[in-house]
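> 3D model of this:
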Amino acid sequence: MSPKSFLIIFFPALILVSCSGNSSTENKAASGAKTTSPDTKTESSDKDLTGTHGIFSYTVKGVHVVARNYVQQSNLFINEVTNDAANGVLKIEVTPESSSVFNFNISNSGTTTITNYNPSLGNFADKKSKKASYMEGKTYKQFYGDSVTVTITSINDNRVTGTFSGTFKADADDGGGTLSITDGSFNLPFGKS
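Numbering: from 1, shown residues only. Okay, here's the model as predicted:
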């Protein structure tokens, strides 16, 4: 076989292999970025997070959302996670994918139940007031904790883990209606953005 014939056969084959390799890499990256289906293997390995990495997951309208703020995958923005030890209050405000926002003001230990929360000037300024709210990113509709339970499973100087679930209710001014959020969990570092 002449060198010219070899190049004519080899070069197109090299391009084909190269292109299929890129497509495979892109498909793997795209499938790794999904947040709408449970990934139990990855979620279980997230239990030992360190540093500024965090995870926040929940199920809403039948869709399981898993948001992380890793270097490899960043679809979780941690607005604020602070522990006011003097008042025994933990504040969690995160934005997981699609501009949705969760905001909790809860006890920094055990289980907190929030019922019929409705923001007012009185409880807005009260640092000890228990709060739970969820803003739906697609509609910007604001929902408030109607019957929400948040449990702290672990807390130390660097991070907090826990679970949450419940029913959130929108004001009549915002169209009313309720929203059920289940299977909520979080493993978050302390800090403010």
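> and the longest strand for this protein?
strand 142-155 (DSSP state E).
> Now for residue 106, how many residues are close by?
For residue 106, the count of nearby residues is 26 (other C-beta atoms under 10 Å). No exception for glycine: its C-beta is placed from N, CA and C like everyone else's.
> Now do the helix or strand where it lies against strand 142-155, angle only.
Per DSSP states H and E: residue 106 is located in strand 101-107. Interaxial angle of strand 101-107 relative to strand 142-155 (axes from the mean of the first three to the mean of the last three C-alpha atoms, to 10 degrees): 50 degrees.
> Determine the set of other helices and strands touching strand 101-107.
Judged by 3 or more C-beta pairs under 8 Å, 6 or more residues apart in numbering; DSSP states H and E, strand 101-107 is in contact with strand 89-96, strand 131-135, strand 142-155.
> In the longest one, which residues are buried?
Judged by neighbour count using 16 or more other C-beta atoms under 10 Å, the buried positions of strand 142-155 are 142, 143, 144, 145, 146, 147, 148, 149, 150, 151, 152, 155.
> Let me know the closest of these to residue 61.
Among those, residue 143 lies closest to residue 61 (C-beta to C-beta), at 12.0 Å.
> Below-threshold pLDDT in the chain: ranges please.
1-48, 71-73, 121-127 (pLDDT under 70).
> Other residues contacting the longest strand of the chain?
Here strand 142-155 makes contact (C-beta atoms under 8 Å, 6 or more residues apart in numbering) with 83, 90, 104, 106-119, 131-136, 160-171, 174, 178-179, 181.
> So what are the sheet partners of that strand and their directions?
strand 111-115 (antiparallel), strand 131-135 (antiparallel), strand 159-170 (antiparallel) (DSSP bridges).
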